[in-house]
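A.B. asks: Here is a sequence together with a model predicted from it:
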Amino acid sequence: MSRAWLFLEVALIFAAMWIHAGWLVPDVNEPNYLGKAKHFWQADWSAGDFFLSTVDAHHTFYWTFGWLTQWMSLSAVAVVGRAVTFGLLAIAWQRLSWAIVPRKMYSVLSVLLLLTFAGRLHMAGEWFVGGFEAKGLAYAFVWFGLTAMVRGRWRAVWPLFGVASALHIVVGGWAILAAGLAWWTTWRHDDAPSLREMFPSLLLGFLLASPAWIGMLWLNQGATAVEIATAAEIQVFGRLPHHLDPAKFMIQGEGFPYLTAFAARHLALVAMWALLSFAVPVEMPLKRLRMFVLGVILFAAIGVLMRIVYSEGLLANPRIAAQILRLYWFRMSDSIVPLGTALASVALVARLQPVRPVLTKGAIALVVVVGLTHLGAQSVRWIGFPYPSADAKVVGRKSDAETAARRYQDWRDLCDKVRKDSPAEALFITPPHNQTFKWYTDRGEVVTWKEMPQDAQSVIAWWHRYHDIHRRDGKRTVSLAHLDVELVRALGRQYGADFVVTDAEPALELPVWYRNESFAVYELPRK
């Protein structure tokens, strides 16, 4: 392939990824990732903020990109970071797809399927093309490693997965296990190097991953076994069941078909992958990839089994279940099954082209229509909600256009006022599901729902802090504007807050520092 064609394919893949996920800054995870990165380099930023003061968990990401926050705004860093991530992913995908099907523009066809499958047929909410965070970068190196694996260059696999692990230990760690299974099931028939022959590259991968695994070992230093187990329960069953607990994202009620729509769609994708991968003969490159994908599916099945074993009626030990499930058994199925299905699909199309040219043209047209329809729907989705995803809870994604525009502008006006006129060391009690207060104001917060710490002791403290401040009425969090004013004062004293931000109505009997049509900021006495 000429350089011009290579550049064109990478550019088209990059463009498809940006359309798929290039919504306005910040995305839902960018405030906490980049906030932590900025605080890592500038410890006095948003002074007093609880989340920022907890143990850091992504040191490689902070060291690699956090320094940019000292020279650029958080929004600019997010845009630059997305461009770097999407660029690496585009290069990695072009190389991986070409390793399976070395034909011009087939990598563009395969990425259309990949983005469609991953965006619409996931089960536990995993994604890899999105806002700027460590996970997207880690997936790029997983794809580079898969390219080496598909080509039989096993010695290059482990260092690349080591880099992925350094960036994100969960993504890289599961990739290493799945690659190990692929090697173990194919090496005797594949002229692959033995374990002894691969030892230097395995050691190099282990060393490259060391920032992550050393950080993980130090994460809960000083925590007791009870604290670690309690934090796991909070994480799995309280904060992240939609990612971690299959009883949440797989099971629907007690009647047929029992499965949620998410689970049914993803299992249909698994069936499609199995049909494409096992129903027709494949060459060794696809066999290696097939075993990698199968390993990922096996891990997800083990996760489901563990949930069943430790559910009520069997061993009934939710603490053990939580400590097992917190390892994200389902993350890679959401990302790798779409990858395997997309590549198996274009491999089958390429295989049919010499013998069934008319059918091949129809299949290619179908892929293009499906992919462009998905990208078009993504564009309509974000054009229809012209605000950052991280502001969706404050704005109200289901609000009418006029209400959404007013609330967004009121939120930005409030944040601008806080940034310009409040003391730099001021601490705020803020709406529970806001994600952008620090992003816009450079001021610390007492607690938010999104910003859950990573170490066990801080997770427990976060849980109690959040529920102390944000009371619930059934399934709905009650606005602080509806709380007794004496309770609000007491919460301010307990957590050292100087101000409280809440809905404008009903008004609290506290000194008003700022008010607009949607929100109000009140001063809190320290005594």
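C.D. replies: Looks like it came in fine.
A.B. asks: What is the host helix or strand of Pro211 packed up against?
C.D. replies: In this structure, Pro211 sits in helix 210-219 according to DSSP states H and E. When contacts are defined as 3 or more Cβ pairs under 8 Å, 6 or more residues apart in numbering; DSSP states H and E, helix 210-219 packs onto helix 59-65, helix 154-167, helix 169-186. All C-beta atoms are positioned from the backbone trio N, CA, C, and that covers glycine.
A.B. asks: Quick one: mean pLDDT over that helix.
C.D. replies: For helix 210-219, the mean pLDDT works out to 91.
A.B. asks: and it with helix 169-186, angle?
C.D. replies: Between helix 210-219 and helix 169-186, the angle comes out at 120 degrees (axes from the mean of the first three to the mean of the last three Cα atoms, to 10 degrees).
A.B. asks: and the following helix or strand past helix 210-219 with helix 210-219, angle?
C.D. replies: Once the chain leaves helix 210-219, the next helix or strand it forms, by DSSP H and E, is helix 225-233. Between helix 225-233 and helix 210-219, the angle comes out at 120 degrees (the same axes, to 10 degrees).
A.B. asks: How far away from the center of its chain is helix 225-233?
C.D. replies: Here the centre of helix 225-233 is set off from its chain's centre by 23 Å, with Cα atoms, centre = their mean, to the nearest Å.
A.B. asks: Low-confidence regions, the stretch 251-400 of the chain specifically.
C.D. replies: 253-257, 312-315 (pLDDT under 70).
A.B. asks: Tell me which stretches of it form helices.
C.D. replies: Assigned by DSSP state H, counting those that start in this stretch, the stretch 251-400 of the chain shows helices spanning 261-278, 284-309, 318-325, 331-352, 357-384, 392-395.
A.B. asks: for those, which one ends up most surrounded?
C.D. replies: Neighbour counts (mean count of other Cβ atoms under 10 Å) averaged over each of the helices of the stretch 251-400 of the chain peak at helix 331-352, with a mean of 24.
A.B. asks: Could you say whether Phe428 sits in a helix, a strand or coil?
C.D. replies: Assigned with DSSP: H, G, I helix; E, B strand; the rest coil, Phe428 falls in the strand class.
A.B. asks: domains in the chain, as residue ranges please.
C.D. replies: 3-384, 391-523 (automatic domain parsing).
A.B. asks: how about the strands in the stretch 351-500 of the chain?
C.D. replies: In the stretch 351-500 of the chain, the strands defined using DSSP state E, counting those that start in this stretch lie at 427-429, 444-445, 472-473, 476-477, 499-503.
A.B. asks: right, and the ones you listed - which one's nearest Gly152?
C.D. replies: Closest to Gly152 of the strands of the stretch 351-500 of the chain, according to Cβ to Cβ: strand 444-445, at 51.0 Å.
A.B. asks: Mind giving me the packing neighbours of that closest one?
C.D. replies: Against strand 444-445 (3+ Cβ pairs under 8 Å, 6+ apart) you get strand 427-429, helix 437-441.
A.B. asks: can you tell me which of these comes nearest to Tyr408?
C.D. replies: Proximity to Tyr408, assessed across the helices and strands packed on strand 444-445 by Cβ to Cβ, is greatest for helix 437-441 (11.4 Å).
A.B. asks: which residues are contacting the closest one?
C.D. replies: Helix 437-441 is contacted by residues 26, 30-31, 34-35, 46, 49, 52, 74-75, 390, 412, 415-416, 418-419, 422, 428, 430, 443-445, 448, 501 when judged by Cβ atoms under 8 Å, 6 or more residues apart in numbering.
A.B. asks: What average pLDDT does that helix get?
C.D. replies: 98.
A.B. asks: repeat for stretch 144-152
C.D. replies: Averaged over stretch 144-152, pLDDT sits at 96.
A.B. asks: Now do the contacts for the nearest residue to Glu197 once chain neighbours are set aside.
C.D. replies: Excluding its sequence neighbours, the residue lying closest to Glu197 (Cβ to Cβ, 6 or more residues apart in numbering) is Arg155, at 7.9 Å. By Cβ under 8 Å, 6+ apart, the contact set of Arg155 is 193, 197-198, 200-201.
A.B. asks: just to revisit the earlier point, quick one, which of the contacts of helix 437-441 are buried?
C.D. replies: 26, 30-31, 34-35, 46, 49, 52, 74-75, 390, 415, 418, 422, 428, 430, 443-445, 448, 501 (16 or more other Cβ atoms under 10 Å).
A.B. asks: got the helices of the stretch 251-400 of the chain as CSV, with distance to Glu9 columns?
C.D. replies: CSV is the format used below for those (distance: least, Cβ to Cβ, whole Å):
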stretch, distance to Glu9
helix 261-278, 23
helix 284-309, 19
helix 318-325, 39
helix 331-352, 13
helix 357-384, 14
helix 392-395, 34
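A.B. asks: right, so of those, which gets closest to Met123?
C.D. replies: Of the helices of the stretch 251-400 of the chain, nearest to Met123 by Cβ to Cβ is helix 261-278, at 3.6 Å.
A.B. asks: hang on, the earlier thing: which of the helices and strands packed on helix 210-219 sits most buried?
C.D. replies: Using mean count of other Cβ under 10 Å, helix 154-167 ranks as the most buried of these, with a mean of 26.
A.B. asks: now that one against helix 284-309, angle please.
C.D. replies: Counting by the same axes, to 10 degrees, helix 154-167 lies at 40 degrees to helix 284-309.
A.B. asks: quick one: helix 154-167 to chain centroid distance?
C.D. replies: Centroid separation for helix 154-167 versus its chain: 20 Å, with Cα atoms, centre = their mean.
A.B. asks: now swap in stretch 518-527 and tell me
C.D. replies: Counting by Cα atoms, centre = their mean, stretch 518-527 is centred 34 Å from the centre of its parent chain.
A.B. asks: Now that stretch: buried residues?
C.D. replies: Residues of stretch 518-527 classed as buried by neighbour count (16+ other Cβ under 10 Å): 518-522, 524.
A.B. asks: would you list these in TSV and tack on pLDDT, secondary structure and distance to Trp41?
C.D. replies: Below are those laid out as TSV (pLDDT from 0 to 100; DSSP: H, G, I helix; E, B strand; the rest coil; distance: Cβ to Cβ, whole Å):
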residue	pLDDT	secondary structure	distance to Trp41
Ser518	96	coil	34
Phe519	96	strand	31
Ala520	97	strand	33
Val521	97	strand	29
Tyr522	97	strand	32
Leu524	95	coil	30
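A.B. asks: Now do the same contact list for the closest residue to Lys393 other than its chain neighbours.
C.D. replies: Nearest non-adjacent residue to Lys393, counting by Cβ to Cβ, 6+ apart: His433, 3.8 Å away. When contacts are counted by Cβ under 8 Å, 6+ apart, His433 touches 393-394, 448-450, 477.
A.B. asks: Let's see that with 10 Å instead.
C.D. replies: 392-394, 448-450, 470, 477 (Cβ atoms under 10 Å, 6 or more residues apart in numbering).
A.B. asks: Quick check: phi and psi at it.
C.D. replies: The phi/psi pair for His433 (degrees, to the nearest 10) reads phi -110, psi 10.
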